[in-house]
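>>> My questions are about this predicted structure, shown below with the sequence.
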Amino acid sequence: MPLIKDPSEFIRRETRIKPVPHAEEIRLHVADEAMDLWQKTEDELGELGIAPPFWAFAWAGGQGLARYILDTPDLVSDKRVLDFACGSGLVGIAAMMAGAASCHAVDIDPFALAAAELNADLNGVMLSFETADITASEPPAADIVFCGDVFYDKYMADKVMDLIDRLLARGTEVLVGDPGRSYLPKPRLTELADYRVPVVGALEDNEIKHTKVYRVEKI
């Protein structure tokens, strides 16, 4: 089987365009089944141990953030947005649809950036993109930062909170969307919204996830 030369072509071939369940104004290229897509990605890249295709699904935290942004457009109106660990680009797309001045989408997975670019074009908005781990460097300038589903393990949570604390120290607002992941820093959070979000049951413990949007507070 040939190696992937064009991630965008691979994504178009292996996904379907569907509306986001909790934010139907937005459509995404999504996969029907996670393990099949993961296997196909490994086969075509010719290597094992690559990152799971997080970009191919609308995760609960991102859906919650997208819904909240679309329902409260003043939150992002004319602001510079950073979509951290952007995955499919769902949150950044919602921000641009709600009137943000710009959105910079960042992820460590180049496939995620390819998917986010396709999804942005599909929804008629423009994002800027960066493949990088910004938890270990100076984050890009932004007025507000969104983090969806990033507290799934301790290592990641610690890195994200270090980044968030640096953002808060320079006066940047940070919002989190999360369905109750294990390492969610609850003492630091102020709840803004509460949703019941449809998700892919094979990837979660339920087909509906109780998902909340929070503002992160300074220590």
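Now that the structure is in, tell me what you want to look at. The shown structure was predicted, so the numbers you read here are calculated from the model rather than taken from an experiment.
>>> quick one: Arg181 and Gly148 touch, right?
No - look at Arg181 against Gly148 with C-beta atoms under 8 Å: they stay out of range, at 10.6 Å. Backbone N, C-alpha and C define where each C-beta goes, glycine included.
>>> Show me whatever sits in contact with both of those two.
Shared contacts of Arg181 and Gly148 (C-beta atoms under 8 Å, 6 or more residues apart in numbering): Gly61.
>>> And the two? Which one has more around it.
Between Arg181 and Gly148, counted using other C-beta atoms under 10 Å, the more crowded position is Gly148 (28 against 16).
>>> what's the distance between the more buried one and Lys209?
Separation of Gly148 from Lys209 (C-beta to C-beta, to the nearest Å) stands at 12 Å.
>>> again with Asp133
When Asp133 is compared with Lys209 (using C-beta to C-beta), they lie 27 Å apart.
>>> and these two? which has more neighbours close in?
Remark: of Asp133 and Lys209, Lys209 carries more neighbours, 23 against 12, as counted by other C-beta under 10 Å.
>>> ok, that one - contacts?
For Lys209, the contacting residues are Ala60, Pro179, Gly180, Arg196, Val197, Val199, by C-beta under 8 Å, 6+ apart.
>>> try 10 Å this time
Lys209 makes contact with 22, 59-61, 63-64, 149, 178-180, 195-199, 201, according to C-beta atoms under 10 Å, 6 or more residues apart in numbering.
>>> Report the buried members of those.
Buried members of the contacts of Lys209, counted by 16 or more other C-beta atoms under 10 Å: 22, 59-61, 63-64, 149, 178-179, 195, 197-199.
>>> which residues does Val81 bridge with?
Cys103, Ile144 (DSSP bridges).
>>> which residues of the chain fall in helices?
Remark: helices assigned in the chain by DSSP state H are 7-14, 34-45, 60-71, 90-97, 110-122, 154-169.
>>> picking that back up, looking at the contacts of Lys209, spot the one nearest Ile11.
Nearest to Ile11 among those is Trp59, at 16.8 Å by C-beta to C-beta.
>>> And that closest one, what's its pLDDT?
Per-residue pLDDT puts Trp59 at 91.
>>> If I look at the residue nearest to it when sequence neighbours are not counted, what pLDDT would I see?
Leaving aside its sequence neighbours, Trp59 sits nearest to Asp149 (C-beta to C-beta, 6 or more residues apart in numbering; 4.5 Å). As predicted, Asp149 sits at a pLDDT of 94.
>>> just Phe54 next, same as before
If you check Phe54, the pLDDT there is 82.
>>> Which residue, other than its chain neighbours, is closest to it?
In space, not counting the residues next to it along the chain, Phe54 is nearest to Gly87; the distance is 5.1 Å by C-beta to C-beta, 6+ apart.
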